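*Asks:* Need a 3D model of the following:
(chains A and B)
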Amino acid sequence: MRSWTFTLVAVVAGAALFAASRFIQNDYFFFAGYVVLQYIVLSTAWNILGGYCGYVNFGTAALFALGAYTSVAIHKLYPIPIPALIAAGGAVSAVVGLGIGYLTLRLRGAFFSIATLALAVVIQTLITNWDFVGGSRGAYILRPNTAPLIGNYIQYLFLVMLVLAVASIAVARLIERSRLGYGFATIRDDEIAAEASGVPTLRLKLIATTLSGAFMGMAGAPLPYYVGYLDPASGFSLAYAVNSIAMPVIGGTTTWVGPLIGAVLLGTLQQWVTVTISSAVNLLIVGLLLVAFVIIAPNGIVGLVRPLFARRK
Amino acid sequence: MSFPLDLLLNAIVAGLLLGGFYAAVTSGITIAFGILDIVNIAHPAFIILGSYIAYIVNTNYGFDPIVVSIVMLPAFYALGACVYQVYYLSFERRGQEALRGLAFFFGLLFITEVGLILVFGVDYRYVEAIYIGPTLHYGFVDLPLRMLVPCLVSLLLILLLQVYLTRTFMGRAIMAVAQDQEALRLMAADPIRIKRVAFAISIATASLAGAFLIVIQPVEPSVGREYIGRVFAICVMGGMGSLPGTVIAAMLLGVVESFTATFYGPSWAPAVSFGFLLLTLAFRPAGILGR
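*Replies:* Just a heads-up that it's a prediction; the model follows:
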């Protein structure tokens, strides 16, 4: 399928999903759906760097929370519509992503991963000590009751996140089929050989960290409006970091389908377990699934399913 | 801002004591990451596990936490050997340690933390021992015993490890496996067995470090996360795989953190260590001693 056809199909699928969901009267569906869609964006964003280039980012929570706190800061100064906030949050996280990449990507891969862990704590400490956005007390955002055209505000947030999810998947798929994607794949498979063949590895990696960071920030930007109250502990929760790694790994890291499958399955499962059992158990399940999949099925669900299709041809 | 002399001296002493403890926490990473090149980000989780074992035995039977952790060394050694075996079979042998090995250790870290939360909850736990509480005074310098005892035992541990690595046959084999695994294989030594022993030792140090941790401060399951950046910062600053370098870097970080906590407030302390790590990675990746 050509890239523009794919994008068209993705947009139509998204529109159909939203149109169908309008028939659902229960607000809980939109609250839960928002979280699943948010994880689709996060895991697709993580996969651009982690899956395509093979660089593990543990700092998803930091880039995500930066987007959210950009929204809080702007909201305190002068409230602007959510799409503008998303652009601002994405820009801030993209710059930070570029910065961290620039500082560490000339070193071996493991250093990048450790640096992202460190980044998460540095940014969390800065935000905790920054009184303007609430510091450790957290910040309250009053959510409007209605949104223009859509009506119900949670449905509006759901639509915003749906658009982001479609956009991130379209971009991921576009990258996969482009020169950029092949460049990323050479870095993942053998960085030294790629460098020797003239692939501009550092520049490609910087593009990947910037793009990945931008989508994480965009996913975070509507968060203050969704939760209504944001404090550093919840914004920087390790759950975001572990989920954004577990979902692509469980789904399969080499294609755009993997993070989508992983996020939908794991996201839904988590919603279900959180409601029926407890949120601590839900995180335990994610951890166990992550370890089980990396050991037993290193190529994820996509890797398990693909041979079935290949045989049928 | 003025720096009164007594406050300054106390901050330096507290930092050095803290640094001694950090050295014990990092020694495991120095072996696993610095020497064996295994990015064991789950190490702090094993340390917290050590803290909780010391806590359980101490509350139920009243044994000294550090003695308990020494008794538990073989158990942690066995745990480390098992983890390495799984790691080797699943990732290292297939050459997939980069992405999936990291995800594996991240998963382990997470499982340990959430498991402890499910069993013990998020309450802070602490231990009882005779050296927790009293403080030695020399002039206007305070030496709290709860910091001094872990620091001294930790330096002893590092000394023993250093003697083991440089004077015994197995220790030298471990240093050799870091340099050239193939050459070792040509000399009819089994690099996998040597690495398993080394990794098991690195996890065994977590038992002791865990006991030190719970002696120094109350512990809850997610405390370990703060130590991830700290231990890697110290390991990299210390020159990757050098135990003397680890001690120097740990003391340095301890003093800087203690200064920050004394003069700017404790809420800034974590950012200092992590900022240190970022700067080290960016400008001096070979560490302060260089290689």
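
*Asks:* tell me the SS of A:Val171?
*Replies:* Following DSSP: H, G, I helix; E, B strand; the rest coil, the label given to A:Val171 is helix.

*Asks:* Looking at it now. What's its pLDDT?
*Replies:* A:Val171 is assigned 91 on the pLDDT scale.

*Asks:* can you check the one 4 residues further on too?
*Replies:* The score at A:Ile175 is 90. That number is its pLDDT.

*Asks:* For the stretch 1-150 of chain B, list the residues in contact with chain A, please.
*Replies:* B:33, B:39, B:41, B:86, B:90-91, B:94, B:96, B:98-100, B:102-104, B:106-108, B:110-111, B:114-115, B:117-118 (Cβ under 8 Å from any Cβ of the partner chain). All C-beta atoms are positioned from the backbone trio N, CA, C, and that covers glycine.

*Asks:* Out of the residues you listed, which end up buried?
*Replies:* Listed as buried from the residues of the stretch 1-150 of chain B next to chain A are B:33, B:39, B:41, B:90-91, B:96, B:98-100, B:102-104, B:106-108, B:110-111, B:114-115, B:117; burial here means 16 or more other Cβ atoms under 10 Å in any protein chain shown.

*Asks:* now B:Leu118: how far from B:Tyr126?
*Replies:* 20 Å (Cβ to Cβ, to the nearest Å).

*Asks:* ok, now A:Ala214?
*Replies:* The gap separating A:Ala214 from B:Tyr126 is 44 Å, by Cβ to Cβ.

*Asks:* ok, those two, which is more surrounded?
*Replies:* Neighbour count, other Cβ atoms under 10 Å in any protein chain shown: between A:Ala214 and B:Tyr126, A:Ala214 has more, with 27 against 15.

*Asks:* Then the more buried one would be within a helix, right?
*Replies:* Yes - A:Ala214 sits within a helix when classified using three-state DSSP.

*Asks:* so what's it up against?
*Replies:* A:Ala45, A:Gly90, A:Ala91, A:Ser93, A:Ala94, A:Gly97 (Cβ atoms under 8 Å, 6 or more residues apart in numbering or on different chains).

*Asks:* Can you tell me which of the residues you listed has the most neighbours?
*Replies:* Counting by other Cβ under 10 Å, top hit in those: A:Ala45 with 32 neighbours.

*Asks:* Quick one: end-to-end length of stretch A:47-58, please.
*Replies:* This stretch, stretch A:47-58, spans 12 Å end to end (Cα to Cα, to the nearest Å).

*Asks:* Now it: average pLDDT?
*Replies:* 88.

*Asks:* Would you mind pulling the contact partners of that stretch?
*Replies:* A:46, A:105, A:109, A:112-113, A:116-117, A:120, A:171-172, A:175-176, A:181, A:184-185, A:187-189, A:204-205, A:208-209, A:211-212, A:215, A:241, A:245, A:248, A:253-254, A:256, A:258-259, B:41, B:98-99, B:102-103, B:106.

*Asks:* got the residues of the stretch 51-200 of chain A near chain B?
*Replies:* Contact residues (Cβ under 8 Å from any Cβ) of the stretch 51-200 of chain A with chain B: A:54, A:56, A:58, A:103-104, A:107, A:109-111, A:113-115, A:117-119, A:121-122, A:124-126, A:128-129, A:136.

*Asks:* same thing but at 7 Å, please
*Replies:* Contacts of the stretch 51-200 of chain A with chain B, taken as Cβ under 7 Å from any Cβ of the partner chain, map to A:54, A:56, A:58, A:103-104, A:107, A:109-111, A:113-115, A:117-118, A:121-122, A:125-126, A:128-129.
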